[in-house]
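Peer 1: Sequence plus the predicted model coming up.
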Amino acid sequence: MEPSLYPQMAALENKHWWFSARRTIVNYFLSQLNLPTNTKILEAGCGTGGNLSLLAQYGQVFAIESNEVAREFASKNRGVEVKAGTLPDNIPFQSEKFDLIVLLDVLEHLEEDARSLQALSKQLKVGGYLLVTVPALPFLWGQHDEKHHHYRRYVKTGLHQLVKNAGFKIIKLSYFNFFMFPMVLLIRLLHRFSKKEQDELSLPPSWLNWLLKKIFASERYFINRMSLPIGVSLILIAQKND
């Protein structure tokens with residue numbers, strides 16, 4: 001990701017509708033998991049730490065982040081140990097075995113996504129959970145992906161096979177950010193035919209930010225009952241096989 005984006009992300013991720021609604025959806029699905037007492041959680045690629053307080057509600061949290069600027073922001077979360085590391089070959093906390101590993105919009109930043117999942121699997125307990133979100137649908141590729149140094153956007157079948165091959169049983173897999181999909185598609189198409197620089201991290205007016213958050217976050221109830229047919233992102237929950 002462009003280094004200049006980290007301070008901007010740190011300033012916005014507690015209030016921007018997209019980050020806030022994603023946390024609400026993630027929290028909903030974490031609450032459905034049969035996590036043990038004294039759960040140990042690893043967030044791989046924690047960025048500036050916007051999800052660490054949420055994860056800390058479920059157990060002891062450890063975090064990995066490769067970027068020094070982002071790591072400084074994330075380290076301000078008390079009670080969370082944030083270490084430098086990269087996937088797949090430089091993962092700290094080798095002595096730990098985790099009950100839950102979380103990658104929230106991280107896989108798309110990794111050139112070796114398959115090897116990274118296999119490496120993380122070794123640090124997950126048998127029966128432990130993996131929670132992943134990624135950007136979806138290659139035809140939505142745009143300036144945002146380039147600025148954030150993405151290698152790819154995923155499709156449902158491809159993500160399913162990738163995680164299965166790493167030794168996981170898929171529990172839940174669905175597109176999400178479904179209601180916003182037409183708006184995002186239109187914006188991405190307009191930007192392809194325009195030289196205007198797009199800024200998807202800008203904060204909309206408060207009333208619009210509130211409305212977008214409510215709409216996006218409401219999808220947790222639908223995803224719990226069905227797999228949404230399309231969306232800007234994908235969410236996956238899997239369990240490590242015996």
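Peer 2: Ah, there it is. Numbering: from 1, shown residues only.
Peer 1: What separation do you get for Arg78 and Thr37?
Peer 2: Distance, Arg78 to Thr37, by C-beta to C-beta, to the nearest Å: 22 Å. C-beta here means a position set from N, CA and C on the backbone, and glycine is covered the same way.
Peer 1: Leaving out chain neighbours, which residue sits closest to the most centrally placed residue in the chain?
Peer 2: In the chain, the residue lying closest to the centroid (C-alpha atoms, centre = their mean) is Leu104, at 1.4 Å. Nearest in space to Leu104, with sequence neighbours left out and distances taken as C-beta to C-beta, 6 or more residues apart in numbering, is Thr133 at 5.1 Å.
Peer 1: again, but for Met226
Peer 2: Ser174 (7.6 Å).
Peer 1: Repeat that for Pro92.
Peer 2: Lys83 (4.2 Å).
Peer 1: give me the number of residues near the one you found?
Peer 2: Lys83 has 15 neighbours, counted by other C-beta atoms under 10 Å.
Peer 1: Test my guess that it contacts Ile64.
Peer 2: Yes: using C-beta atoms under 8 Å, Lys83 is in contact with Ile64, at 6.0 Å.
Peer 1: tell me, what's touching these two both at once?
Peer 2: The contact sets of Lys83 and Ile64 overlap at Pro92, Phe93 (C-beta atoms under 8 Å, 6 or more residues apart in numbering).
Peer 1: residue boundaries of the strands in the chain?
Peer 2: Listed in chain order, the strands of the chain (DSSP state E) span 40-44, 60-65, 81-84, 98-104, 124-135, 168-176, 233-240.
Peer 1: Turn those into CSV, columns for distance to Glu112.
Peer 2: Shown next, in CSV, are the strands of the chain (distance: least, C-beta to C-beta, whole Å):
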stretch, distance to Glu112
strand 40-44, 13
strand 60-65, 15
strand 81-84, 18
strand 98-104, 14
strand 124-135, 15
strand 168-176, 17
strand 233-240, 18
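Peer 1: Quick one: closest of the ones you listed to Tyr221.
Peer 2: With C-beta to C-beta as the criterion, Tyr221 lies closest to strand 168-176 of those, at 11.5 Å.
Peer 1: Quick one: mean pLDDT over the closest one.
Peer 2: Average pLDDT, strand 168-176: 98.
Peer 1: Extract the CA atoms of it and return them as PDB.
Peer 2: Taking Å, rounded to 0.1, in the frame of the first residue of the first chain, the C-alpha atoms of strand 168-176 are listed here in PDB:
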ATOM      1  CA  PHE A 168      -9.200 -26.100   5.700                       C
ATOM      2  CA  LYS A 169     -12.900 -27.100   5.700                       C
ATOM      3  CA  ILE A 170     -15.100 -24.200   4.500                       C
ATOM      4  CA  ILE A 171     -17.900 -23.300   6.900                       C
ATOM      5  CA  LYS A 172     -19.200 -20.100   5.300                       C
ATOM      6  CA  LEU A 173     -18.300 -18.300   2.000                       C
ATOM      7  CA  SER A 174     -20.300 -15.500   0.600                       C
ATOM      8  CA  TYR A 175     -20.000 -12.300  -1.400                       C
ATOM      9  CA  PHE A 176     -20.900  -9.300   0.700                       C
END
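Peer 1: Thanks a lot, catch you later.
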